[in-house]
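S.K.: The following comprises the amino acid sequence and a computationally predicted model.
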Amino acid sequence: MEEIYTQIANLGFPIVISIYLLVRIEGKLDDLTESINELSKVITSIK
């Protein structure tokens with residue numbers, strides 16, 4: 001039983017951290033994509 005707890009501790013922590021970071025990065029990528037699209041529209045209107 002102790003081995004199971006050790007495995008959960010060794011695998012669970014990296015999984016939780018990975019999910020947390022992916023969720024944070026996803027929001028920033030959405031903002032970046034929106035900014036790039038807006039910049040593209042501005043550049044097109046200047047031409």
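M.R.: That came through, no problem.
S.K.: and the helix or strand Thr44 falls within, how far out from the chain's middle?
M.R.: Element membership of Thr44 [criterion: DSSP states H and E] is helix 2-46. Distance, stretch centre to chain centre, for helix 2-46: 0 Å (CA atoms, centre = their mean, to the nearest Å).
S.K.: Could you give the average pLDDT over that helix?
M.R.: The average pLDDT for helix 2-46 rounds to 91.
S.K.: Mind giving me the packing neighbours of that helix?
M.R.: Using 3 or more CB pairs under 8 Å, 6 or more residues apart in numbering; DSSP states H and E as the contact criterion, no helix or strand is in contact with helix 2-46. All C-beta atoms are positioned from the backbone trio N, CA, C, and that covers glycine.
S.K.: Distance-wise, check Thr44 relative to Ser35.
M.R.: 15 Å (CB to CB, to the nearest Å).
S.K.: Please apply the same query to Glu2.
M.R.: To Ser35, Glu2 is 50 Å away according to CB to CB.
S.K.: Look at those two and report which has more neighbours.
M.R.: Ser35 (10 against 6; other CB atoms under 10 Å).
S.K.: who's in contact with the more buried one?
M.R.: Ser35 makes contact with no residue, according to CB atoms under 8 Å, 6 or more residues apart in numbering.
S.K.: how many neighbours does Asp30 have?
M.R.: That count, for Asp30 with other CB under 10 Å as the rule, works out to 10.
S.K.: repeat for Lys47
M.R.: 4.
S.K.: Roughly how far does it sit from Ser35?
M.R.: Relative to Ser35, Lys47 is positioned 19 Å away (CB to CB).
S.K.: okay, now Lys28: neighbour count?
M.R.: 9.
S.K.: Repeat that for Asp31.
M.R.: 10.
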